[in-house]
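[1] Provided below are the primary sequence and the corresponding predicted coordinates.
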Amino acid sequence: MSRITKEQAIAAVGEEVINTLLFANVEPTNRVTNNGTAELSARIKAMEGEDQVTVFMYVYVDEEEFMNAEDLGTLDWDDAMANAEFEIY
């Protein structure tokens, strides 16, 4: 499945689910992006119509800042969350 926008994810599973993801703890995916960013993700189970699905959120932060951060709270999370991508399985 291809990645979708926040608005598309809200339409599929609801704003409450997506807002929960936006405040979830993210974990590194260890995927290589080759563009100077580190990819982090979070996931949650949700209902899409009558089907239970898993919603993944992917965010990207500057790789160098991520690798050198002693406190992840110092990263630019506003930009990362504003550009989050989602997948629904």
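    Happy to help now that I have it. Numbers count the residues shown, from 1 in each chain.
[2] Give me the three-state assignment for Thr54.
    strand (DSSP: H, G, I helix; E, B strand; the rest coil).
[3] Can you report how many residues neighbour it?
    Neighbours of Thr54 under the rule other CB atoms under 10 Å: 12. Where you see a C-beta, it was placed from the backbone N, CA and C, and this is true even at glycine.
[4] Could you measure from it over to Leu21?
    To Leu21, Thr54 is 11 Å away according to CB to CB, to the nearest Å.
[5] what touches both of the two?
    Arg43, Ile44 (CB atoms under 8 Å, 6 or more residues apart in numbering).
[6] Now stretch 66-79: buried residues?
    Phe66, Leu75 (16 or more other CB atoms under 10 Å).
[7] Tell me how far the residue of the chain most remote from its centre lies from Asn34.
    Outermost residue of the chain with respect to the C-alpha centroid, by CA atoms, centre = their mean, is Glu50; its distance is 23.6 Å. Distance of Glu50 to Asn34, given as CB to CB: 39 Å.
[8] per-residue confidence averaged over stretch 63-74?
    In this model, stretch 63-74 carries a mean pLDDT of 90.
[9] CA atoms of that stretch as PDB?
    Extracted in PDB, the C-alpha atoms of stretch 63-74 (Å, rounded to 0.1, in the frame of the first residue of the first chain):
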ATOM      1  CA  GLU A  63      19.500  12.300  10.700                       C
ATOM      2  CA  GLU A  64      22.500  14.100  12.200                       C
ATOM      3  CA  GLU A  65      20.400  15.900  14.800                       C
ATOM      4  CA  PHE A  66      18.700  12.600  15.700                       C
ATOM      5  CA  MET A  67      22.000  10.700  16.000                       C
ATOM      6  CA  ASN A  68      23.500  13.400  18.200                       C
ATOM      7  CA  ALA A  69      20.500  14.200  20.300                       C
ATOM      8  CA  GLU A  70      20.800  13.400  24.000                       C
ATOM      9  CA  ASP A  71      17.200  14.400  24.400                       C
ATOM     10  CA  LEU A  72      14.800  13.600  21.600                       C
ATOM     11  CA  GLY A  73      12.600  16.500  22.800                       C
ATOM     12  CA  THR A  74      15.100  18.900  21.200                       C
END
